[in-house]
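A.B. asks: next one to model:
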Amino acid sequence: MATFYNQATLSYNGTVASSNITSGEILEVLSVEKSAVSDRYSQGSENVYMISIVNTGSVCYNELTVTDDLGAYSFGDDESKAVPLTYQEGSFSYYVNGVQQATPTITSVSPLTVTNINVPAGGNVMLVYAVEANRFAPMGDDAKIINTVTVNGNGFGPINASETVPYRDEINLAISKSLSPAAVEENGEVTYTFMIQNFGTLPAEASDNVIFSDTFSPALSDLTAEFNGTPWISGQNYAYDPAAGVFTSLEGQLTVPAANFSQIARTGEWTVQAGISTLVIKGRLA
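C.D. replies: Numbers count the residues shown, from 1 in each chain. Okay, here's the model as predicted:
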């Protein structure tokens, strides 16, 4: 709501007479809100944004232009621009008073720009579309995407709305397995190496009770195990059934550090260096 003032004057025979000052208020009848379906993101994840435009006035607003900056932000010493969200083509939906309309004209996908949006008097418009967090999406602790939409049209100044979505704080584990040697004689010794990677912002700690298990076929005899270079003790750190070949770590024995995240200064892309723990199991083929 804005206040305006007005005063009239009369000029005659070198004399000026001024009226009283009147004031009035301009009621803002058009409003915009922006919200996201998912309250967290990770690189490569999809999200759906909804833009609500409400007209409480008695006049229609036609041929509006709606622009979404897709979270664009500055980085580096030269204030280069990075755009962390990619519009998913074909995902746009346009509703007037809850009734779906034909897809409006999309003149740009970065920033996402849509024209010919009409908001009826006393009515509302809902715009819905999907995006993907790309390689420019900030990663790590306190990372977030601040996404702003701007509505422009005749008869009013631009109106804006923003939505902030933080990066997903989580443990994100992956495991790979290798065997050495690949060819071994009967009753020969083999070494299994398991690399456990954490791509998340949070470390996997003892209280998270990460459990490792594997069934060796053929089963191993004379089995030994070490975790991050420290020997494990049967019954204390792990359980092994030599008849079935089943190896299982006990609760609270596996930990994996959090990943490290960094932005490439030249391009603005984000990279992740996974936290790593290693479990090595040796034994003879039974």
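
A.B. asks: so where do the helices sit in this protein?
C.D. replies: For the chain, no helices are identified by DSSP state H.

A.B. asks: so which residue is smack in the middle of it?
C.D. replies: Central residue of the chain (Cα atoms, centre = their mean): Tyr41, 2.2 Å from the mean position.

A.B. asks: bridging residues for that one?
C.D. replies: On the basis of DSSP bridges, Tyr41 is bridged to Tyr167.

A.B. asks: Ala161 too?
C.D. replies: For Ala161, the beta-bridge partners are Val149 (DSSP bridges).

A.B. asks: what's the answer for Leu10, then?
C.D. replies: Per DSSP bridges, the residues bridged to Leu10 are Ala17.

A.B. asks: how far away is it from Thr22?
C.D. replies: According to Cβ to Cβ, to the nearest Å, Leu10 and Thr22 sit 16 Å apart. Bear in mind the C-beta positions are built from the backbone N, C-alpha and C, glycine included.

A.B. asks: give the contact list for the residue nearest to the centre of the chain.
C.D. replies: Residues counted as contacts of Tyr41 (Cβ atoms under 8 Å, 6 or more residues apart in numbering) are 47, 133, 137, 145, 165-168.

A.B. asks: of these, keep whichever come out buried.
C.D. replies: Among those, the ones that count as buried by 16 or more other Cβ atoms under 10 Å are 47, 133, 137, 145, 165, 167-168.

A.B. asks: of those residues, closest to Asp78?
C.D. replies: Within those, proximity to Asp78 (Cβ to Cβ) peaks at Ala137, which comes in at 20.5 Å.

A.B. asks: show me the contacts for that closest one.
C.D. replies: Counting by Cβ under 8 Å, 6+ apart, Ala137 makes contact with 41, 43, 71, 84-85, 143, 145, 167, 270.

A.B. asks: again, 6 Å this time
C.D. replies: By Cβ atoms under 6 Å, 6 or more residues apart in numbering, Ala137 lies in contact with 43, 84.

A.B. asks: beta-bridge partners for Ile145, please?
C.D. replies: Beta bridges link Ile145 to Val165, judged by DSSP bridges.

A.B. asks: and it, how far is that from Ile106?
C.D. replies: Distance of Ile145 to Ile106, computed by Cβ to Cβ: 21 Å.

A.B. asks: beta partners for Thr271?
C.D. replies: Ser262.

A.B. asks: give me the distance between Leu254 and Gln88.
C.D. replies: Separation of Leu254 from Gln88 (Cβ to Cβ): 37 Å.

A.B. asks: neighbour count: these two, which is higher?
C.D. replies: Legend: neighbour count by other Cβ atoms under 10 Å for Leu254 and Gln88, higher for Leu254 (23 against 15).

A.B. asks: and the gap between the closest residue to that one other than its chain neighbours and Thr201?
C.D. replies: Nearest non-adjacent residue to Leu254, counting by Cβ to Cβ, 6 or more residues apart in numbering: Val210, 4.2 Å away. Applying Cβ to Cβ, the value for Val210 to Thr201 is 16 Å.
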